[in-house]
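Q: Predicted structure and sequence below. I'll ask about it afterward.
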Amino acid sequence: MQNLRYAQSDNVDQGELKVLVTQRANNQPIPNARITISYTGDPQSTIEEVESNSSGMTDTVTLATPPLEYSMEPSENQPFSQYTIQVRAEGYRPVSVTGAELFSGQLALQPIRMEQDEAVTNANNDIVIPFNTLFGDFPPKIAESEIKPIDETGEIVLSRVVIPEYVIVHDGPPSDSAARDYYIRYRDYIKNVASSEIYATWPDSTKRANILAIMSFTLNRVYTEWYRNMGYSFTITTSTAFDQKFVYGRNIFQSISNIVDEIFQNYLSRPNVRQPILTQYCDGQRVTCSNWLSQWGSKYLGDQGYNTIDILRYYYGSNMYINTAEEISGVPASWPRVDLTVGSTGEKVMQMQEQLARISRSYPAIPTITPDGIFGPATREAVEKFQSVFGLPVTGVVDYRTWYKISEIYVAVTRIAELV
């Protein structure tokens, strides 16, 4: 267990926590799970006890955090509080998460995936979340060329940039053959890395710039098949010396999740370069890096009112552009490029209704609808409940974010688990 580097008496602000409990085998929600929350370092001192509802989710719990200013500049004061979350449900193996992070004014989302008692597996049900990389001690990135020549990486097999459905994450440096590999949905991977490497309290433009750098780095690994061309079977590693920090099972932050859901088709590119740019970065304090993005520096630029592209160009140069992938792998049907609302009709409405109808079998709080290709009041009610359950603005309108969230949940409840 990590040594705490803050005093609980420092917790004078408040953050929020929600827990989502699902079955590992089929991603179905688990209702009536009992969740106990305590301070990490004092797990016997229970602060809150809650239960999951029919959608596998708890109500929002308000918990103490250190002051907001601790995360506004580099400091020896720990900017986040840490909690231990213990989950029990009848017929399932208990799960414990140690070190879930909460920031002042931010909503943290903690996923919990449980196995049935009779399941035979070697999966570890106990998760320990290390410090955010801005606060913890992690090896700096080993510099690479931002554009990979073909003679260095081998044949590039992708003819265009595709947003993958999954990435295979190697939980250690490339040479560690004993490390586990995880199949992780692309968006979940990006949310996890961003929650591990930046602070959710930072300005919106700063978070967007850092998330775009994380996504472009990841898509370069996908596009060039970097590790496969070295004989490995994974997409990317969790080693900060080689790639980005991913922590299996960690909590993510709603503000980061919202941004990823909005811009996940994007990546960074330069003129006449087909591959996404390998956008490397450093914290800018303990480690400095010329021509790379400085995480703390990007925070200060956001404070000054710089927008996202200006932050990126400040570090990567004026010929850096935000591009959009044309294809998303594994999505049942792409966004119709127009919002669906009451009065909309046609094939796209029918596809969305069919997915919602299947989702409602797993999430009974969502009203069951009959797919007919007509967006009426019943469909709007189902959309509103879906948005409420999954933390989206409750508008009853199927916009870009809602469309792809419906697709994501539909895929989740109709396929087997990602962990291998």
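A: Done, it's in. Residues are numbered from 1 along each chain as shown.

Q: Let me know the distance separating the residue lying closest to Ile328 once chain neighbours are set aside from Ile85.
A: In space, and not counting its chain neighbours, Ile328 is closest to Ile163: 4.5 Å by C-beta to C-beta, 6 or more residues apart in numbering. (Glycine included, C-beta is placed from N, CA and C.) Distance, Ile163 to Ile85, using C-beta to C-beta, to the nearest Å: 31 Å.

Q: Which residue of these two possesses the greater neighbour count?
A: Ile85 (25 against 22; other C-beta atoms under 10 Å).

Q: so which helix or strand takes in the residue lying closest to that one once chain neighbours are set aside?
A: Spatial nearest neighbour of Ile85, chain neighbours left out: Val97 (4.4 Å); criterion: C-beta to C-beta, 6+ apart. According to DSSP states H and E, Val97 maps onto strand 95-102.

Q: what's the answer for Leu312, then?
A: Judged by DSSP H and E, Leu312 forms part of helix 308-316.

Q: mind saving the C-alpha coords of that helix as CSV?
A: Extracted in CSV, the C-alpha atoms of helix 308-316 (Å, rounded to 0.1, in the frame of the first residue of the first chain):
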residue,chain,number,x,y,z
THR,A,308,-7.0,24.2,-27.2
ILE,A,309,-5.3,24.5,-30.6
ASP,A,310,-3.3,27.5,-29.4
ILE,A,311,-2.0,25.5,-26.5
LEU,A,312,-1.0,22.6,-28.8
ARG,A,313,0.7,24.9,-31.3
TYR,A,314,2.6,26.7,-28.5
TYR,A,315,4.4,23.4,-27.9
TYR,A,316,4.2,21.4,-31.1
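
Q: Return the distance of the residue most central in space within the chain relative to Gln275.
A: By C-alpha atoms, centre = their mean, the chain has its centre lying nearest to Lys191, at 1.9 Å. Going from Lys191 to Gln275 by C-beta to C-beta gives 23 Å.

Q: again with Leu301
A: The spacing between Leu301 and Gln275, counted by C-beta to C-beta, is 26 Å.

Q: What of Lys405?
A: Where Gln275 is concerned, Lys405 sits at a distance of 28 Å (C-beta to C-beta).

Q: neighbours of Met114, just the number please.
A: 23.

Q: Pretty sure Val97 is one of the things it touches, is it not?
A: No. Met114 is beyond contact range of Val97, at 11.9 Å (criterion: C-beta atoms under 8 Å).

Q: joint contacts of these two?
A: Applying C-beta atoms under 8 Å, 6 or more residues apart in numbering, one finds that Met114 and Val97 are jointly contacted by Val87.

Q: So, low pLDDT: which residues of the chain?
A: 1-7, 9, 119-124, 150-159, 416-420 (pLDDT under 70).
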